[in-house]
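# Give me coordinates for this.
(chains A and B)
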Amino acid sequence: MLIGTNVDPTRHQNRQKPPIANGVVGIAIFVVTEVMFFASLISAYLVLRSGAEEWPPWGQPRLPVAATAFNTVVLLLSGLVLFKAYQQFLKPDRVSVSRKMLGLSILLGLFFVLFQGYEWIQLLQFGLTMTSSNYGGLFYLIIGTHAVHVVAALFFLLHTYSMLAPSRIPQLASTEFVVSQIFWYFVVGVWPILYFLIYLV
Amino acid sequence: MSDTGIAAGHAAAPHEHHEEMDFWSKYVFSTDHKIIGFQYMFTGMFMALIGGFMAYVFRMQLAFPGESVPLFGQVTSGDYNMLITNHGTIMIFWVAMPVLIAALGNYLIPLMLGCDDMVFPRLNRLSYQIFLLSAIVLIISFIVPGGGFGGAWTAYPPLSASAEYNHTDWGSSLWVLAVALEFAAFLLGGINFLTTSMNARAEGMKMMDIPIVVWMINVAVILFMASVGPLIAGAVMLFLDQRIGTSFFLPAGGGDPVLWQHLFWFFGHPEVYVVLLPAMGVVAEVITTFSRKKLFGYKTILYTTFATGVLSFTVWAHHQFVSGIDPRMGNIFAVTTLLISIPIAEIMFCYVATLYGGSIRLTTPMLWGLSFIVEFLLGGVTGIYLGASAMDVYFHDTYFVLAHFHYTFFPIAIIGVFTAVTYWFPKMFGRMMNETLGKIHFWGTIIPFNCIFIPLFLLGMAGQHRRIYNYNNFPDLATENLQDLRVFATSAMVIMLLFQIPFIVNFFYSLFYGEKAEKNPWKANTLEWVAESPAPHGNFKELPKVYRGPYEFSHPDAKEDYWPQNVPN
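Numbers count the residues shown, from 1 in each chain, chains lettered A, B, ... in the order given. Sure thing, here's the model as predicted:
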């Protein structure tokens, strides 16, 4: 992984180990950018919505609130399982348990994306498309952007999962584990806000 | 190859391996921060030639409307729009940003912090490759059917959002794509800069021992990282409007064109400070070195830099005083806009105070540094007129605005870069530049520069609007007096472009035949001067240790009039 690389450690013998690992600093800065990115998508949504005469516009399908509520719970659960997995990772000799829990977290995340895709197919059949109205355009833009982030974050988690394989040294994965966690928590954390603003209100 | 740190398995690779690299892995696919810095710098310089040529063509059209321009031919109105649009885009996004932030940041941060490379070397290489791709996409956009995008560098919709209006179906989409790619590239670079500065400083280097230029590049990077999200969001939406047929910014489909202006300028105004701060940092280094005097008010400069950064997020709507925003909102933004001149003025005063009582050496970099203060001051002061919303209603989109921001961007992108290149040239290439040619280039650039833009202030006050192809269509603006000013400005511009030849000659001549540079030709204190000239792969024989701040000139306890950071006593 690009972000997991580090400068040759032999040339840094006389330097103290940084208090926060490079990868963690890097992803934290990246998440700040992502927060601003989603904040601007949300503000664009609010601006366009407040300027519209009717929301949702006449003749456009309503979004599946209840099914998505279930899906929201799945995603939050995935975040919780990941948190527990990391707690296990920190304990001695619990790497295999941690790895199983991480796997469960990935599966829950995968379920979330696939369920979203299923919902999209339904909505497209009902006539909600990118161009049918700004209602549809913003829905696919924002929820789609989130889905892309979920997929990217799942790859981060899968990378960590592969690094925790029994044949490998788990300590080498400690930075990767934190990095993929931060990104996953961001993806999980932004979802309830999107659900509230786009589905509920 | 060993220093890239790709895998722990390389840990024991001996350093002699550096010699065996072939041309491609040494200069093209390198992960060395210095080489990546040079790649950014040379790409930026190449783009500057294109951007400068564009300015030449449309200035000739304005001075001699309808006549054939040498080296270009007849300029149509479509050409004109494409030229002004891409001149702005290139000069800001493909010259100022890559050279000031990416090239200087890459080159200077590890050297000045006393480490051997960036913490994510491969991310760094990827950053440049994406940037190069973005430049190629932009250049391709000039030759696609319909020509390059012509909706001005701010790309306001609905003009930019629909091919029906702009007639550049492919050009406008490629423009958006290029801009989005470029910001993805700088995003990766920015992560690298900040992490390196936090985690890889030399032993003993405290936060307050970091040179001002590194601080300012990092603050600029923070501003960039925090403001680029809205622009990328806007770019995605604009691209969807163009290609998929959504109407986020098209009023006909319920969209809001002013929304783009907010997204663009929320990025666009901090962007000014993103490029300004590195240039100011460079000037700080040069002024203190050539005054042989400690930088006045290191912490004051630092804290006012932070204040500038915070304030820069609160001024963006001064670009929309005439876009139909609520006048009460306009008042708030007028106040914040006037406020932001205070911290910048404070930094300027610190620089002047550094000069006061110093033993000033007027070398070429110092001349550039001093001219930065003077010229940027003019840009800043004219900004106060524009920040006052009532006056802006008259001045909006006139040549007064144009002259104002050229008085800020020229010092930043041209003077700042020449300051940096002439100052760090010995470290970059191991040879000295020719002082005489450097001074000819300096005066031949600065005098014509003022001759170009002072007439444009006058034209703006006379009511001449921007982005007009031929002023003969407007009887009030087609008078002989005003036309004389246009011809004067254009002539000065051609002279200024010709005076870049001494620089190019000097640059390439010195690169190969210049006098060999010693390690520390300017007798400066910061860590990059500890490394050999030119700095080798891996930078330092052994990583330096830091004992004091970067600006201890003429200190009574020191043996000489400078006291490098790495010397124990």
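# OK, contacts around B:P158?
With CB atoms under 8 Å, 6 or more residues apart in numbering or on different chains as the criterion, the residues that contact B:P158 are B:Y165, B:F249, B:L250, B:P251, B:A252, B:P257. (Each C-beta comes from the backbone N, C-alpha and C, glycine too.)
# Surely the fourth one touches B:P257?
Yes. Proximity of B:P251 to B:P257 meets the contact threshold set by CB atoms under 8 Å, at 6.4 Å.
# Where does pLDDT dip in chain B?
Counting by pLDDT under 70, the low-confidence segments of chain B come to B:1-20.
# could you pull out the helices for the stretch 1-150 of chain B?
Applying DSSP state H, counting those that start in this stretch to the stretch 1-150 of chain B gives helices spanning B:23, B:33-63, B:77-89, B:104-113, B:121-141.
# Off-centre distance for the shortest one?
Here the centre of mass of C-alpha atoms in helix B:23, compared against the chain's by CA atoms, centre = their mean, to the nearest Å, lies 29 Å away.
# Check stretch B:216-225 too.
That offset, for stretch B:216-225, works out to 13 Å (CA atoms, centre = their mean).
# so does it get close to chain A?
Yes. With CB under 8 Å from any CB of the partner chain as the threshold, stretch B:216-225 lies in contact with chain A, specifically through B:M225.
# on that earlier part again, which one of B:P251 and B:P257 is surrounded by more residues?
For B:P251 versus B:P257, the count of surrounding residues by other CB atoms under 10 Å in any protein chain shown is larger for B:P257: 18 against 14.
# For the more buried one, list the residues it contacts.
B:Y156, B:P157, B:P158, B:A161, B:F249, B:L250, B:P251.
# which of these count as buried?
Neighbour-count burial (16 or more other CB atoms under 10 Å in any protein chain shown) applied to the contacts of B:P257 gives B:Y156, B:P157, B:P158, B:A161, B:F249, B:L250.
# Return the member of those nearest to A:R168.
Taking CB to CB as the measure, A:R168 lies nearest B:F249 of these, at 49.6 Å.
# So which residues on the stretch 401-550 of chain B come close to chain A?
Near chain A, when you scan the stretch 401-550 of chain B using CB under 8 Å from any CB, you find B:G538, B:L543.
# Is it possible to get a markdown table of the contacts of B:P257 that adds secondary structure?
As requested, these are exported to a markdown table (DSSP: H, G, I helix; E, B strand; the rest coil):
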| residue | secondary structure |
| --- | --- |
| B:Y156 | coil |
| B:P157 | coil |
| B:P158 | coil |
| B:A161 | coil |
| B:F249 | coil |
| B:L250 | coil |
| B:P251 | helix |
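# center of chain B - which residue?
When chain B is reduced to its mean C-alpha position, the nearest residue by CA atoms, centre = their mean turns out to be B:A96, at 2.4 Å.
# what about chain A, any weak spots by pLDDT?
Scanning chain A for pLDDT under 70 picks out A:1-16.
# right, and the secondary structure at whichever residue of the stretch 451-569 of chain B sits closest to chain A would be what?
Among the residues of the stretch 451-569 of chain B, B:L543 lies closest to chain A, at 6.6 Å counting by CB to the nearest CB. With three-state DSSP as the basis, B:L543 sits in coil.
# what's the distance between it and B:A200?
B:L543 sits at a distance of 10 Å from B:A200 (criterion: CB to CB, to the nearest Å).
# try B:L456
For B:L456, the distance to B:A200 equals 45 Å [CB to CB].
# do B:Y471 as well
With the distance defined as CB to CB, B:Y471 ends up 55 Å from B:A200.
# When the two are compared, which one has more neighbours?
The neighbour count for B:Y471 versus B:A200, taken as other CB under 10 Å, is higher for B:A200 (24 against 19).
# Quick check: closest non-adjacent residue to that one.
Of all residues not flanking B:A200 in the chain, B:C115 sits nearest, at 4.2 Å (CB to CB, 6 or more residues apart in numbering or on different chains).
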